[in-house]
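Student: Curious how this folds, go ahead:
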Amino acid sequence: MRKHPLILPVYAPTLLLAFCRGMLIPVLPVYAKSFDISYGLIGLILGAQGLGTLVGDLPSGILLGRLGQKRSMILGIAGMALSAVALFLAGSYWELVIYNFALGFTSALWNISRHAYLASAIPLTQRGQSIAIYGGINRVGTFGGPVIGGLIGARFGLSMPFLVYGIIAALCLVFPIVFTEVPVDVDVVRRGGVKGHTGHLWAILRDHYRVLLPAGSGQIFAQMIRSARSSIIPLYAADILGLDLTAIGLIISISSAIDMSLFYPAGLLMDRVGRKFAYVPSFIVQGIGMGMIPVMGPAAGFGGLLLASCVIGFGNGLGSGTMMTLGADLAPKESMGEFLGIWRLIGDTGATGGPLAVGAIADMVGLGPTALIMGGVGLLAAATLGLLVPETLKRPKPSL
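Tutor: Residues are numbered from 1 along each chain as shown. The predicted structure follows:
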């Protein structure tokens, strides 16, 4: 049996780099706190990576068009390795902010270049399954990282996980250098990228606004509810239910396990039935699960929040890879890099806005009503994508 063409070029480095990202989840906040700074400044450090990714999306799309997929993947991973080592060596607060921003900025190039490689290396009718597997691998890697990162930080010092990240990322350079085969149509992508400047980006927006407006709006809502759950669930558990960290961790772990188990069925659903049959139910279920949190209320306690979190995890797992697949389906071959840069920017805007919206709304009306509002955002995502975006799975007509 021939090996899957994405295992070594994409899946293997994705697993390892997701593991590295997971290692930093429990370590970075504590590492930042060791600099004896306020919670607000810690928040700035934690948000710097997301901001770096957001800022890096459009330049990465342009760079992808000029360098091509393979060299962009190499440059992105190399930048991540150097940024992680710089974080290990950081000696001040502002160094942490700058280097974490750089980690996000360079990861944007890796994200967009592998997205383009996935889109061009796999046929349309297999794309959903391949990207869903990618999403599942990402989840598995991130899920396994926090425990190891915590152990390394406790045993060898809080800065050591960053050095381990840098070493693993450097080793990951082997995968794109040795195993990435540039697809036949990559020269088409490069021809589009030669014009990769601001004017060309505006031309892409002008030419594709009819599909980008509804699809992009739907993706913003989709990424908002996805990112909001990571804020609402632990805050509701701690502030409303009074649960300890062990109980909160158990709820999140069980929800994540359900989420991870569904990436393969999600891919089959996208490729065999249609993209909408995965992402529309996904965001409906997530919206319902989010609404269950305040509806069941504090009286339901640990069990109620666990049930709601599992429903949310089921919905998110059902949508594994859906937004990446939709972006790949919509991207024009002649300007794939730039289009995917715009698509990632739209999604990252929603992902960044989710926690900010949760904080702002919760300050005004409390966590319970905030969860209801975010549940409505999930339903809005399903309605926008389901009603305003055409089905992108196009099957070849049978020959007579």
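
Student: so where do the strands sit in the stretch 151-300 of the chain?
Tutor: Taking DSSP state E, counting those that start in this stretch as the test, none of the stretch 151-300 of the chain falls into strands.

Student: Show me the shaky parts of it.
Tutor: 182-200, 245 (pLDDT under 70).

Student: The stretch 301-400 of the chain now?
Tutor: Using pLDDT under 70, the stretch 301-400 of the chain drops low at 395-400.

Student: could you pull out the helices for it?
Tutor: 301-318, 322-330, 336-365, 367-388 (DSSP state H, counting those that start in this stretch).

Student: same for the shortest one, what does it pack against?
Tutor: If I follow you right, that is helix 322-330. Judged by 3 or more Cβ pairs under 8 Å, 6 or more residues apart in numbering; DSSP states H and E, the packing partners of helix 322-330 are helix 93-121, helix 124-156, helix 198-235, helix 263-272, helix 276-296, helix 336-365. In this view, the C-beta of every residue, glycine as well, is placed from N, C-alpha and C.

Student: What of the third one?
Tutor: If you count contacts as 3+ Cβ pairs under 8 Å, 6+ apart, helix 336-365 packs onto helix 39-67, helix 93-121, helix 186-193, helix 198-235, helix 322-330, helix 367-388.

Student: rewinding a little: may I see the helices and strands packed on helix 322-330 arranged in JSON lines, with distance to Thr325 and mean neighbour count as well?
Tutor: Below are the helices and strands packed on helix 322-330 laid out as JSON lines (distance: least, Cβ to Cβ, whole Å; neighbours: other Cβ atoms under 10 Å):
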{"stretch": "helix 93-121", "distance to Thr325": "9", "mean neighbour count": "24"}
{"stretch": "helix 124-156", "distance to Thr325": "5", "mean neighbour count": "20"}
{"stretch": "helix 198-235", "distance to Thr325": "12", "mean neighbour count": "19"}
{"stretch": "helix 263-272", "distance to Thr325": "6", "mean neighbour count": "21"}
{"stretch": "helix 276-296", "distance to Thr325": "8", "mean neighbour count": "23"}
{"stretch": "helix 336-365", "distance to Thr325": "11", "mean neighbour count": "21"}
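
Student: In a markdown table, list those along with distance to Gly327.
Tutor: Listed next are the helices and strands packed on helix 322-330 as a markdown table, based on distance: least, Cβ to Cβ, whole Å:
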| stretch | distance to Gly327 |
| --- | --- |
| helix 93-121 | 7 |
| helix 124-156 | 9 |
| helix 198-235 | 8 |
| helix 263-272 | 13 |
| helix 276-296 | 12 |
| helix 336-365 | 4 |
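
Student: Can you get me a residue count around Leu385?
Tutor: 25 (other Cβ atoms under 10 Å).

Student: residues contacting the residue lying closest to it once chain neighbours are set aside?
Tutor: Leaving aside its sequence neighbours, Leu385 sits nearest to Gly218 (Cβ to Cβ, 6 or more residues apart in numbering; 3.8 Å). Neighbouring residues of Gly218 by Cβ atoms under 8 Å, 6 or more residues apart in numbering: Ala381, Thr384, Leu385, Leu388, Val389.

Student: Put the buried members of the residues you listed into a ChimeraX selection.
Tutor: Those of the contacts of Gly218 that count as buried under 16 or more other Cβ atoms under 10 Å are selected in ChimeraX with:
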select :381,384,385,389
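
Student: what's the closest of the helices of the stretch 301-400 of the chain to Ala48?
Tutor: helix 336-365 (11.6 Å; Cβ to Cβ).

Student: quick one: that closest one to chain centroid distance?
Tutor: In terms of Cα atoms, centre = their mean, to the nearest Å, the centre of helix 336-365 is found 11 Å from the chain centre.

Student: Going forward, count from 59.
Tutor: Taking 59 as the first residue, the last one we looked at is helix 394-423.

Student: show me the contacts for Gly134.
Tutor: Gly134 neighbours (Cβ under 8 Å, 6+ apart): Ser118, Thr164, Ser165, Ala166, Leu167, Trp168, Asn169, Ser171.

Student: Please tell me how far the residue nearest to Leu443 sits from Ile283.
Tutor: Per Cβ to Cβ, to the nearest Å, Gly276 is found 11 Å from Ile283.

Student: same check, this time on Gly119
Tutor: 25 Å.

Student: one step back: which residues do Gly276 and Ile283 both contact?
Tutor: Contacts common to Gly276 and Ile283, judged by Cβ under 8 Å, 6+ apart, are Ala439.

Student: can you put the contacts of Gly134 in a markdown table and add pLDDT and distance to Met422?
Tutor: Output for those, formatted as a markdown table (pLDDT from 0 to 100; distance: Cβ to Cβ, whole Å):
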| residue | pLDDT | distance to Met422 |
| --- | --- | --- |
| Ser118 | 90 | 36 |
| Thr164 | 97 | 37 |
| Ser165 | 95 | 33 |
| Ala166 | 94 | 32 |
| Leu167 | 95 | 38 |
| Trp168 | 95 | 38 |
| Asn169 | 91 | 34 |
| Ser171 | 92 | 41 |
